[in-house]
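>>> The following comprises the amino acid sequence and a computationally predicted model.
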Amino acid sequence: MRVLGYWNNKGGTGKTSLAFQSVCSFAAQAPDRRVLVVDVCPQANLSELLLGGQENNGGMNLLTLHGRAGRCSIGGYFQSRLPKPFDSSSIQPHAHISVPSEFNRSIPPNIRLVAGDPLLELQVNAISTLANTQIPGTNSWSNVASWLRDFLEVCGTEFDFCFIDMNPSFSMYTQIALAACERLVLPVTADDSSRRGIQNAMSLIYGLKLPSDVYAQHNFQSRMKDAKLDLPRIHMVAKNRLTQYINTAKSYSAVLSGIESDLAAILKDSPSNFTFSTVKEGLFEIRDFQTSGVVAFARGTPFVTMRSGTLSVAGQRVKVNAEQLELNAEVVGTLSAGLWEDAA
């Protein structure tokens, strides 16, 4: 199974929307491929989209999964690991995997979901404590950081691809998700905080340019190395053209030019952390999704299955332009094809 994650420790970059559209497009383009989506986020926004969105009971459908025996979610799985954190022999993945298309017919039927769960925020202190417990002869951090890797190993023969959505944090549950990833997509927007977000990501994941040597022994990179676990590699930096972040085309271009320059410098210094060798290969620009993007988010309908015309959103009739929808679907289709272009 190939595993790709969506992450940026900065919020507001359009990460969940990008994950929703690209995963659904990928699954629709490859209907014979078995796709698992893991939502490692307490907000569970991606799960709500896959389960129907605001207009089609996505929130209520998510609560239905949380109410199932064993709690059909990532929180339910983590809860099952807490009593025996270092023992992976009794993992039962099917108790935590659902079929989104049973709730939302707009979702490709070859997608399965481990739903997000607010329970993560309640669990994180206990999980962090377990990861830092000193036990002679046991690498506690490695055992806990491998929880999701363990899960995917048990059900790995049932899926071809796994896509992991993570929230903008670097808490222990995020590290568990990152530790399971082979590749990463980093969405950015045209603002200076996105520039810092890339720099922060390189420090947090790869230990680059840490403010003090004190952090060198206990950062994510060193702990992954001690555990003999491979770090994820950045596969794509997606430039999201979100209009609320831009004042003019000139300012948009200037900020993104700065992001590209920063990325080029990092790529030159640490090429092994990337799947691409030039900035041009690794950057992908996403056009503004406009009205069709709002409708997609509200109705839990990806571009790949959306139809143009007048649709209901929040009690109002909204018109989705056919040309705009076609362009959005084309851009997302190109992006999704590039996620695993070497795995045809």
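Received, thanks.
>>> remind me which residues of the chain are low pLDDT?
Applying pLDDT under 70 to the chain flags the ranges 190-195, 209-218, 241-256, 342-344.
>>> which one in it is furthest away from the centre?
P136 (34.6 Å; CA atoms, centre = their mean).
>>> What separation do you get for that residue and V35?
To V35, P136 is 42 Å away according to CB to CB, to the nearest Å. Placement of C-beta: from N, CA and C, glycine included.
>>> Likewise for A179?
Between A179 and V35 the distance is 21 Å, computed by CB to CB.
>>> Between the two, point out the one with more neighbours.
Of the pair A179 and V35, A179 is the one with more neighbours under other CB atoms under 10 Å, namely 24 against 21.
>>> who are the neighbours in contact with the more buried one?
Residues near A179 by CB atoms under 8 Å, 6 or more residues apart in numbering: 145-146, 148-149, 224, 229.
>>> Equivalent analysis for R112, please.
Contact analysis of R112 by CB under 8 Å, 6+ apart lists 34-37, 97-100, 159.
>>> Name the residues linked to it by a beta bridge.
According to DSSP bridges, L36 are recorded as the beta-bridge partners of R112.
>>> what's the spacing between it and A322?
Distance from R112 to A322, by CB to CB: 31 Å.
>>> Kindly report the same for E55.
20 Å.
>>> Over to S142?
S142 is 52 Å from A322, where distance means CB to CB.
>>> Comparing the two, which residue is more hemmed in?
Between S142 and A322, counting by other CB under 10 Å, S142 is the more crowded of the two (18 against 12).
>>> so who does the residue nearest to the spatial centre of the chain touch?
Central residue of the chain (CA atoms, centre = their mean): D165, 2.1 Å from the mean position. Contact analysis of D165 by CB under 8 Å, 6+ apart lists 5-6, 15-16, 19, 37-41, 46, 116.
>>> How far away from the center of its chain is the helix or strand it falls within?
Using DSSP states H and E, D165 sits within strand 161-166. Here strand 161-166 is found 5 Å from its chain centre; the criterion is CA atoms, centre = their mean, to the nearest Å.
>>> same check, this time on stretch 102-113
Chain-centre distance of stretch 102-113: 18 Å, with CA atoms, centre = their mean.
>>> What of stretch 268-283?
What separates the centre of stretch 268-283 from the centre of its chain is 20 Å, taken as CA atoms, centre = their mean.
>>> Counting neighbours, which bits of it end up buried?
273-274, 276, 279, 282-283 (16 or more other CB atoms under 10 Å).
>>> Which residue comes closest to H235 once chain neighbours are left out?
R183 (3.9 Å; CB to CB, 6 or more residues apart in numbering).
>>> looking at the sheet around the one you found, what are its partners?
According to DSSP bridges, beta-bridge pairing links R183 with L4, R233.
>>> neighbours around it, how many?
17.
>>> residue contacts, it?
By CB under 8 Å, 6+ apart, R183 lies in contact with 2-5, 232-235, 275, 339.
>>> again, only using 6 Å
4, 233, 235 (CB atoms under 6 Å, 6 or more residues apart in numbering).
>>> And these, which is closest to S308?
The closest of the contacts of R183 to S308 turns out to be L4 (CB to CB; 29.8 Å).
>>> show me the residues around the closest one that make contact.
The contact partners of L4, by CB under 6 Å, 6+ apart, come to 163, 183, 339.
>>> So which residues of this protein form strands?
All strands of the chain, identified by DSSP state E, fall at 2-6, 35-40, 111-114, 161-166, 183-188, 233-240, 283-286, 309-313, 316-320.
>>> Format the contacts of R112 as a markdown table; extra columns: distance to R81.
Formatted as a markdown table, the contacts of R112 follow (distance: CB to CB, whole Å):
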| residue | distance to R81 |
| --- | --- |
| R34 | 24 |
| V35 | 24 |
| L36 | 18 |
| V37 | 20 |
| I97 | 16 |
| S98 | 19 |
| V99 | 23 |
| P100 | 24 |
| F159 | 20 |
